[in-house]
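Colleague: Got a predicted structure plus its sequence, pasted below:
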Amino acid sequence: MSLPAGAVTVPLPSGARAVLAEEVPVALVFEGVTQAVMMASPMDLEDFLLGFALTEGMITQPGQLLRSERVQQDRGIELRGWLDPVASKRFSERRRAMAGPVGCGLCGLESLAAALRPLPKMLRSEAAVPRDPLALEGAEQALQSLRRAQPLQDAVRAVHAAGFWTGTRLALVREDVGRHNALDKLAGALATRGLDPAAGVLVLTSRLSVDLVQKAAMIGARGLIAPSAPTALAVAEAQAAGLSLIARGPAGLVHFTDTEAR
C-alpha cells in the first residue's frame, strides 16, 4: 500500500500493522540560533521554515529569507535559515531583548508582553475574488472541502490541516500533526507561490486560539474559518486587527467579529 507523506506503518502486538502519523523534532534555526523546536510532520519543511519566519515576525517579506537548508540529525531535523541584513539585525535585537534571566513560562515565551504582541491592522482588500469567501453560506463548503483534501488525515486520523479558500475552491492545503505547524506551512506555501492571503480566507481544522489569530494577522490574512468555537481572547484580538472570524456557534457557523468598517 502506498502511504502519503508523513505516514508510517508500525507493528502491533497482534502481528498486524497500523498506519500512524510521523512526529519528528524539528529545530527552526535562524542565523545559527535555535528559535524553536517543534514536533512536526516531516514534509513541506521549506514551507514551514519560511512560514514560521513570516508569522512570527522575523521577516516581513519572503525575500528576506536569503537561503535555507535541511540537516538530518540523529534524533530529528534542523531547518537552518539565513536572513538579509535588515531582518538579521532585527532578529539579533529581539534575541538580546529576550535574554533576561527570568521567563514567565507561557508556551515558551520569555515575557508576558510577547504573548500579546501588537498585530498589523487589516485593511479592506481590493483583491478581486470570484465569490465572497467570508459569506456564511460558503464557509461550510470550505470546511467540507478541506476535510476532503487531507490524504494524511485519511490515512492516520491524527493530523490537522490549514487551507486557502478563494470562495469557490481550495487553492492550497498543508497538513501536520501540529495545528500551528499546518498554518505556518500554509503561510510559507502562499508566500512561495506569490498568493495574496487577503485574496481568500484561511480554513482550519482546529479550534481558534489567539496564537492562530496572531499568525493569520501577521501574514495579512483577511479571515479565518474554523469548525469549533474560538476563545474569547482570539475574538478580541481578531476584532482589534480587523480579522474576520467564522466559527461554530450554538446553532451553526456564525461571524464572531464585525469588520465591515475596516
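Modeller: Right, received. Where do you want to start? Since the structure is predicted, the reported quantities are computational estimates derived from the model, not experimental observations.
Colleague: Which of the three states applies to residue 182?
Modeller: helix (DSSP: H, G, I helix; E, B strand; the rest coil).
Colleague: Against residue 230, how distant is it?
Modeller: 17 Å (Cβ to Cβ, to the nearest Å). For every residue, glycine as well, the C-beta is placed using N, CA and C.
Colleague: cool, and residue 199?
Modeller: Distance from residue 199 to residue 230, by Cβ to Cβ: 23 Å.
Colleague: Which of the two has more residues huddled nearby?
Modeller: residue 230 (25 against 18; other Cβ atoms under 10 Å).
Colleague: Dig out what that one forms beta bridges with.
Modeller: residue 208 (DSSP bridges).
Colleague: Give me the local confidence score for the spatially most central residue of the chain.
Modeller: The C-alpha lying nearest the average C-alpha coordinate of the chain belongs to residue 183 (Cα atoms, centre = their mean; 1.7 Å). Residue 183 carries a pLDDT value of 98.
Colleague: residues contacting it?
Modeller: Neighbouring residues of residue 183 by Cβ atoms under 8 Å, 6 or more residues apart in numbering: 51, 55, 162, 174, 202, 204, 212, 215, 216.
Colleague: Need these in TSV (columns: neighbour count, distance to residue 121 and pLDDT).
Modeller: Below are the contacts of residue 183 laid out as TSV (neighbours: other Cβ atoms under 10 Å; distance: Cβ to Cβ, whole Å; pLDDT from 0 to 100):
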residue	neighbour count	distance to residue 121	pLDDT
51	29	21	98
55	23	17	97
162	30	23	98
174	27	26	98
202	26	17	97
204	24	22	98
212	25	18	97
215	25	16	97
216	29	13	97
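Colleague: Inside strands: which ones of the residues you listed?
Modeller: Assigned to strands by DSSP state E, the following of the contacts of residue 183 qualify: 162, 174, 202, 204.
Colleague: what bits of the stretch 51-200 of the chain have low per-residue confidence?
Modeller: 96-115, 122-131 (pLDDT under 70).
Colleague: now the strands: where do they sit in it?
Modeller: 65-72, 77-83, 160-165, 170-176 (DSSP state E, counting those that start in this stretch).
Colleague: give me every residue that touches residue 249.
Modeller: Listed by Cβ under 8 Å, 6+ apart, the contact partners of residue 249 are 229, 256.
Colleague: scratch that, residue 60
Modeller: By Cβ under 8 Å, 6+ apart, the contact list for residue 60 reads 54, 87.
Colleague: Now do it against residue 202, distance only.
Modeller: Separation of residue 60 from residue 202 (Cβ to Cβ): 19 Å.
Colleague: Please report the number of neighbouring residues for residue 171.
Modeller: 15.
Colleague: quick one: it and residue 194 touch, right?
Modeller: No: with contacts counted by Cβ atoms under 8 Å, residue 171 stays clear of residue 194, the gap being 11.9 Å.
Colleague: neighbours around residue 177, how many?
Modeller: 21.
Colleague: Show me how the record splits the protein into domains.
Modeller: As assigned by automatic domain parsing, the chain contains the domains 24-115, 136-255.
Colleague: Rebuild those as CSV, extending it with distance to residue 4.
Modeller: Conversion of the domains of the chain to CSV gives the following (distance: least, Cβ to Cβ, whole Å):
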stretch, distance to residue 4
domain 24-115, 9
domain 136-255, 4
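Colleague: Pick the most buried one from those.
Modeller: Of these, the one with the most neighbours on average (mean count of other Cβ atoms under 10 Å) is domain 136-255, at a mean of 20.
Colleague: How far does that domain stretch from one end to the other?
Modeller: Distance between the two ends of domain 136-255: 8 Å, counting by Cα to Cα, to the nearest Å.
Colleague: Any idea how far it is from the middle of the chain?
Modeller: When C-alpha coordinates are averaged (Cα atoms, centre = their mean, to the nearest Å), domain 136-255 and its chain have centres 8 Å apart.
Colleague: Likewise for stretch 75-90?
Modeller: Stretch 75-90 sits 18 Å away from the centroid of its parent chain (Cα atoms, centre = their mean).
Colleague: Perfect, I'm done here.
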